[in-house]
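>>> Attaching a predicted model along with its sequence, questions to come.
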Amino acid sequence: MSTSPLHSPENDTTVDNAAFTGELPEKEVDVSLTSQISHQTNSTSALVQDQRYREAIAENDVTQAIKLPDEVLSLVQVLITDAVHGRFTCNLESKESIDRYTRYYSNGQRWALGFTFAVFLLLILFEKPNGTLHTLQPFALTFTVEMLCYVHFCYRLWEYRQITPRDQFWKEGKVIVVVASMILTIADTIIFIALDQAPDNNYTRLSRVLRPLFVINLSPSRLIRQGFRSVRRTMIQVVDVLALLFITIGVFTILFVKLYGNRHDLIDADNKRYMKRYDDTWWELYVLITTANFPDIMMPAYDENRLYCILFIVFLIVGLYIFTSILLAVVYQNYGKSMRSEIKEELHNRRRNLTRAFEVLKDENTETMRFAQWEQVMKRMQPKASRGRVWLLWLVMDQEEKGSIGLAEWMQVCDVLNISVTAISSKINAFDRNIPSVYHSWASEKFKETVRHWGFSIFFDVVIVVTIIMIVADERAADLAFVALFVFEALAKIYSYGTTNYFREGWNRFDFIVAFGAVVASIASTAHKEGPYVEFILVLRVFRLVRIMHTYKGFSVIIDTIVNIGPAIYTYGAMVIFVYYSYAVIGMSLFGGLICEPNTKTPGMLFDRHSNYSLEIHQCNPKLERSSFAADGYYLNNFNDPCASFVTLFELTVVNQWHVITEGFVLLTSRWARLYFISFHILMVFIILNIFLAFVIEAFVLQLELETLEFEDVLMDKLEKELERSPALKDEYERTAIKKKRKMYVLLASLFGEEEDQAALEVPLPSSRPGADASTA
């Protein structure tokens, strides 16, 4: 009798196939099985009592299921992995091509590339201009490090070339962008080296603006490329709205200049002629749309005749409340289209990949796949999965309980693999394991019952409120008592629920950090080492109020939305950083060194008008004297180094007083400097922030849908049914708590992908480039 390769001797979960031949009586099979798997957990032994499991294993042996070749399993693993990430995989024809493809997307490659990206972008901190950072390094050193980064990028391109058809590689947009950026960087570096020896040379390498392009186009993360693709599409869509807005500002500019420009008696707050020049007036009205200079700009005219306020009110209604609302609507509509396109593309790629994987795994005669193939796939996809988990997920897949699955059921494999089930055996309380007699004593059971009672949570909610009141009243006498109560709460829950179950809940982790952080802070305070950090840790207890608010249904939707948009912060945060990076380089090239900063060792403070520091900074910036920029003390808002540039750009993003910062650099250069700040405002505020706003609105609407609608989630219902049906599985696994995540996918798929379901299954298998996704820049 042959030995099934699925249970080969080298497998640590080997079961002798003689036990599954069906030739032994059922009782005898059970005894044999128990002896063969004595090295496994009790829960796995209990699984053998499941009649359906024995039949599946016996059928595998009777049919002498052939072990799938390693090459086939590797291909299936790649196809499923790409399906999870929404990538489409082209035909990988050999083991070498599969290995190259797997290596290209491996975690090691990702971490190495991420490290290179970090070093590559952080080089700006050690290059000219460096301002007051005092981190300037020799050009030879930074240039060498930069060249090493480019070597890694070239190696990455070479790897991509190995997994891409030859006729496709040079047509890739991201390849063209990366190569063109490298050529421009080399040319710019040659110019910089040639001019570096010249006296009074202030040339800065503008090619550093292109550095974010390498990260965007070479990054394995498709989220960043999706974000920038949304920006690119939105910029095209909003051109008409912005053009009409600028024309409207121009019309009002003509009106205001004709009304007030020839009035010599009208002067503004800076003692200048009121609305005399067309370009200055256009700029002031553009700023007025952001409300940063209102009502200051209106006051001279309003002081002359109060009816003049009607003109400004009409302009604000048209420019601020109508045009900016239309702009948001255009961005939101474009974001909705983009999101639907992305989700459809991901679903389309997922189905094509899973169809190809099924074609490889299926039985040619029955057009179905059996447990034998599933078990081998699971050993590849989740090597640490127990046999109970493998069997449970198979039962979930086998919706009709036929002992085999077809293509329609196989299409759920990505969702099934994402189901998280927790083994009860691995969650045994340490107290139960080490001191069971004490842990299960009458007093212990009563204590655990008290901790698990809803009144216990209510009591500590009241304590949290009282603590906040004491903090606001600055009453510190009871601090130690409150800290002791919070520590007791954490320890009591750990004792009652178990360490793993306690820390599995995010709110519990936060409570634990706050409680024991307060202990450390109290010890430091007792040791007379009070400081801002100690005070901060103690005040962190205020944030526990969020947990109380989360229990109120009206607040829970908002809080859940904030929690759910966390992953998107990475995408939009990266977009903001890249835009800041490029504009910081341009800003340092245009305005670097124009604002003089005194030596940091000079005594005094900026706003102490009589200090040496204040006198020196005013004296070395004569062009800014008597300006709003100088009056507000904005000297540190400059582009002398990367860090100062990032802070200045963030202030421009916030918009408040951004016109004052702009006018400071206009005084140092010319009126043309306004183009730099206007372009940044349009890109950052009008487009990127509105895209993020559209995302938050969409996330809130989806969260509201999840809270109010009921979904029939077939997979989760089947999972719970199988846990109830099988004593062995019920003893081994807990119910899962991922229904909300599954409902989110069900909702998105129903909204954006339902109409393409059948079409996606009927699409022929193309042989385009590997790893292609909807995110190529």
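Nice, thanks for sending it over.

>>> For residue 284, see how far away residue 276 is.
Plainly put, residue 276 is 11 Å away from residue 284 if you go by C-beta to C-beta, to the nearest Å. Any C-beta I mention is one placed from the backbone N, CA and C, and that applies to glycine too.

>>> nope, residue 174 is what I meant
Taking C-beta to C-beta, one finds residue 174 at 42 Å from residue 284.

>>> Check residue 483 too.
When distance is defined by C-beta to C-beta, residue 483 is 55 Å away from residue 284.

>>> residues touching residue 80, list them.
By C-beta atoms under 8 Å, 6 or more residues apart in numbering, the contact set of residue 80 is 353-354, 357, 377, 381, 413-414, 417.

>>> And the pLDDT at it?
Residue 80 is assigned 88 on the pLDDT scale.

>>> Mind picking out the helix or strand in this structure with the poorest mean pLDDT?
Across the helices and strands of the chain, mean pLDDT, DSSP states H and E gives its lowest value to helix 26-36, namely a mean of 30.

>>> Is it correct that residue 682 is in contact with residue 239?
No: Residue 682 lies out of contact with residue 239 (C-beta atoms under 8 Å); the separation is 10.5 Å.

>>> Have a look at the two and say which one is more surrounded.
Using other C-beta atoms under 10 Å, the more surrounded residue of residue 682 and residue 239 is residue 682, with 17 against 11.

>>> Regarding the more buried one, what is its secondary structure?
State at residue 682, reduced to three classes by DSSP: H, G, I helix; E, B strand; the rest coil: helix.

>>> how much space between the spatially closest residue to it that is not a sequence neighbour and residue 695?
Leaving aside its sequence neighbours, residue 682 sits nearest to residue 242 (C-beta to C-beta, 6 or more residues apart in numbering; 6.8 Å). For residue 242, the distance to residue 695 (C-beta to C-beta) stands at 21 Å.

>>> Settle it for me: which of these two has more neighbours?
The neighbour comparison of residue 242 against residue 695 (other C-beta under 10 Å) goes to residue 695, with 19 against 16.

>>> quick one: low-confidence parts of the stretch 551-700 of the chain?
551-557, 564, 566-568, 600-601 (pLDDT under 70).

>>> So which bits of whatever helix or strand residue 253 lives in are buried?
Element membership for residue 253 (DSSP states H and E) is helix 222-260. For helix 222-260, a neighbour-count test (16 or more other C-beta atoms under 10 Å) marks 222-231, 233-234, 237-238, 241-242, 245, 248-249, 252-253, 256-257, 260 as buried.

>>> Stretch 74-91 now?
Under 16+ other C-beta under 10 Å, the buried positions of stretch 74-91 are 74-90.

>>> Give me the pLDDT value at the residue nearest to residue 682.
Looking at residue 242, the pLDDT reads 90.

>>> For it, which residues are in contact?
Residues 327, 682, 686 are the ones in contact with residue 242 under the rule C-beta under 8 Å, 6+ apart.

>>> Let's see that with 10 Å instead.
If you count contacts by C-beta atoms under 10 Å, 6 or more residues apart in numbering, residue 242 has them with 235, 323, 327, 330, 682, 686-687.

>>> Okay, helices next: where are they in the stretch 501-650 of the chain?
For the stretch 501-650 of the chain, applying DSSP state H, counting those that start in this stretch gives helices covering 506-526, 532-539, 545-550, 553-564, 566-591, 612-619, 628-631, 642-654.

>>> What angle do helix 506-526 and the helix or strand containing residue 460 make with each other?
Element membership for residue 460, per DSSP H and E: helix 454-472. Between helix 454-472 and helix 506-526, the angle comes out at 40 degrees (axes from the mean of the first three to the mean of the last three C-alpha atoms, to 10 degrees).
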